[in-house]
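J.: sequence first, then the predicted structure, then my questions.
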Amino acid sequence: MSRELVLHDWLVAGIALAAGGLAGLLLRALVRWLAKHALRTRWSGDDLMVDALRTLAPAAAVIAGAAVAASTLPLGPRASGWVSHSLTALLILVATIGAARVVAGLVQSVAQARTGAMGVLVALESVGVSIAPLVTALGVGGLAVALALQDTLANLFAGVHILASKTVQPGDYIRLTSGEEGYVVDINWRNTVVRNLSNNLVIIPNGRLARTNMTNFTQPEQQLSILVQVGVGYESDLEHVERVTIEVVDAVMADVKGAVPDHEALVRFHTFADSRINFTVILGVGEFSDQYRIKHEFIKRLHSRFRAEGISIPAPTRTVALRQEDSRSEPLAASPAVSPVPHQREASVPALADGAR
């Protein structure tokens, strides 16, 4: 669990379970009333639908109440996933039973409407034609329909869980591990609609959203901190660098739209790199999409201020010295060396022959 259970959690969970049970009883009474009116009609289709709802509607209400109750309790990720999968499996089982009743009712209705159908089947069996595949196909029809609705029911249940837990709400900026990110526009019974920064809509099924890892940049707070990496030369006065950088951060926080004016500027030196000392600057951002504007203004102003203060931001450099030996030794040797001269070439002149002296 993420926190300790308190009395308020038990009260909310109990109310949710009671509401689900009460809704199940009301739906059961409603289905009975509909069944009485369906018997008065000549069409048998309404009887089949009411018979399917007789079990599905009350059970779905109770399962929904249990889902809301589980979402209010501070369950850990493992326990929450187990409860979610168990309730989903139970809902699919109930839907399978309802679909099987509908299919069985349709088969029975067709058989009663066509009195000669049974005789045909018996005649086919008597002449040696096997009717077992036909009967088997009719029997598993309900199961096939239920399996076809598996994804739809999973998305429905996941949507109820997402709305009840309030982990994602319209207006939040989210990012999935699969790469999709943007502002949540709508959460319906089947999918969640996300608008990315390119102003395109991304449709994510609720079942997939409930199974993946997600980062919500709006909750629990909309304000966030961003990190900008900077580096200065070894000859720089770090106290001076820190003071100048903090002044730039304070100016950006006060002037740029979307920044946090009361944000405390933080500068942290952390690495002795090859050609410079690296440090991190922490900026305050009002919401996720504001970070690009704030980074843009901060980098421009910091670069201009560093140039005015004479603070260098060196680029990585590498100096290579080449030495050429005579033919009696190795022909060419190259080794890296630290030198202010970009390229240095040294050649040893071989001794002159006796005749040429």
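T.: Ah, there it is.
J.: flag the shaky bits of the stretch 251-357 of the chain, pLDDT-wise.
T.: In the predicted model of the stretch 251-357 of the chain, residues 325-357 satisfy pLDDT under 70.
J.: for the stretch 51-200 of the chain, that is, sorry about that
T.: 51-52, 76-78, 80-81, 100-150, 153.
J.: now the strands for it?
T.: For the stretch 51-200 of the chain, strands defined by DSSP state E, counting those that start in this stretch occupy the ranges 173-176, 181-187, 191-195.
J.: quick one: residues in contact with stretch 258-271.
T.: The contact list for stretch 258-271 (CB atoms under 8 Å, 6 or more residues apart in numbering) reads 223, 225, 238, 241-242, 245-246, 249-250, 252-254, 277-287, 289-290, 293-294. Where you see a C-beta, it was placed from the backbone N, CA and C, and this is true even at glycine.
J.: mind checking which of those residues are buried?
T.: By neighbour count, with 16 or more other CB atoms under 10 Å, the contacts of stretch 258-271 hold 241-242, 245, 249, 252-253, 277, 279, 281, 283-286, 290, 294 as buried.
J.: just these now: which is nearest Arg195?
T.: Set against Arg195, the nearest of the buried ones among the contacts of stretch 258-271 by CB to CB is Asp290 (16.4 Å).
J.: for the closest one, give me its contacts.
T.: Contacts of Asp290 by CB under 8 Å, 6+ apart are 257-259.
J.: and which of these is nearest Leu93?
T.: Once CB to CB is applied, the member of those that ends up nearest Leu93 is Gly258, at 50.3 Å.
J.: and for the closest one, the neighbour number?
T.: Gly258 has 15 neighbours, counted by other CB atoms under 10 Å.
J.: now it: closest residue in space that isn't a chain neighbour?
T.: Asp290 (3.0 Å; CB to CB, 6 or more residues apart in numbering).
J.: and that neighbour, how far is that from Leu53?
T.: According to CB to CB, to the nearest Å, Asp290 and Leu53 sit 50 Å apart.
J.: repeat that for Ala16.
T.: Relative to Leu53, Ala16 is positioned 23 Å away (CB to CB).
J.: what's the answer for Val244, then?
T.: If you go by CB to CB, the gap between Val244 and Leu53 works out to 72 Å.
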